[in-house]
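**Q** My questions are about this predicted structure, shown below with the sequence.
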Amino acid sequence: MRAVLSAALFACTTLPAAADPVVVELFTSQGCSACPPADEMLGELADRDDVIALSLHVDYWDWIGWADTFAEPAYVDRQRAYAAVAGSSVVYTPHFVVGGVDQVAGPSGMALAELVMKHADRTGDVLRPASDGTRGATAGPTDASGVLILATYRPTSSVHILRGENAGHDMTYHNIVESWSVLQEWDGSETTVSVPEPEDGLAQAVLAQELVDGKPGPIVGALRLD
């Protein structure tokens, strides 16, 4: 299975050097039996330089018998906001969102690969290392506007699941978001945001995202922080 996933996801053409990476979000749950193949796909994408792959764990499957150790209610709110923008009131796992726009239900490796390729043509040089030499990012100038977001994530972690649909399995997760915060609202003009160092073992990325009626829209820029 892993070889098949790699063939699909790594067949994508890499982005031009000047372009920002494509952001892929996966809404997932340790208590969801359909999620492990999608979690593995996310791990494949996490190895790519031209993609920022982020795993956001939700808590609405906890009632089955296993409370997801990474879940945050705020990630459910974000997923519901994406669904609302798409004209739906339904959320599900696994659920990929590519570039803040396109959505894929379930572990469809080819569909996901095609969307990453599609969004490679939509990214621009919107975010870059902070121009003042601090640890952070400089955004713009650009015609886009919205918010600048800091995502702090753990590159990998394994969990032995004791109950629920995945009981008895040792699962490995990748780029698990541990905090998600808005750094500032952004009108598209050039601005620089400084970011403190994360705790040991964690990584960070800054995202520039447009809003649609106050809800998450296209992600127009992304930058990994060293």
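**A** Yep, that arrived.
**Q** Could you list every helix and strand that the helix or strand containing Gln103 packs against?
**A** Using DSSP states H and E, Gln103 sits in strand 102-105. Judged by 3 or more C-beta pairs under 8 Å, 6 or more residues apart in numbering; DSSP states H and E, the packing partners of strand 102-105 are strand 95-98, helix 109-120. C-beta coordinates here come from the backbone N, C-alpha and C atoms, glycine included.
**Q** hey, which of those is tucked in deepest?
**A** strand 95-98 (a mean of 24; mean count of other C-beta atoms under 10 Å).
**Q** Run through who's touching it.
**A** 22-28, 38, 79, 82, 103-105, 112, 115-116, 118-119 (C-beta atoms under 8 Å, 6 or more residues apart in numbering).
**Q** Identify the residue nearest Gly106 in space, chain neighbours excluded?
**A** Spatial nearest neighbour of Gly106, chain neighbours left out: Pro94 (6.3 Å); criterion: C-beta to C-beta, 6 or more residues apart in numbering.
**Q** Then Asp132?
**A** Among residues not flanking Asp132 along the chain, Thr192 sits closest, at 5.6 Å (C-beta to C-beta, 6+ apart).
**Q** can I get the CA coordinates of the biggest strand by length in the chain in CSV?
**A** When secondary structure is assigned using DSSP state E, the longest strand within the chain turns out to be strand 170-186. The C-alpha trace of strand 170-186 is given here as CSV (Å, rounded to 0.1, in the frame of the first residue of the first chain):
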residue,chain,number,x,y,z
ASP,A,170,0.2,1.3,17.0
MET,A,171,-0.4,4.3,14.8
THR,A,172,2.2,6.8,13.6
TYR,A,173,1.0,10.4,12.9
HIS,A,174,2.8,13.2,11.0
ASN,A,175,2.9,17.0,11.4
ILE,A,176,0.4,16.9,14.2
VAL,A,177,-0.8,20.5,14.8
GLU,A,178,-0.5,21.3,18.5
SER,A,179,-1.5,25.0,18.3
TRP,A,180,-3.1,27.2,15.7
SER,A,181,-3.2,30.9,16.2
VAL,A,182,-3.9,34.1,14.3
LEU,A,183,-0.9,36.3,14.4
GLN,A,184,-2.7,39.3,12.9
GLU,A,185,-5.2,40.5,10.4
TRP,A,186,-3.6,41.4,7.1
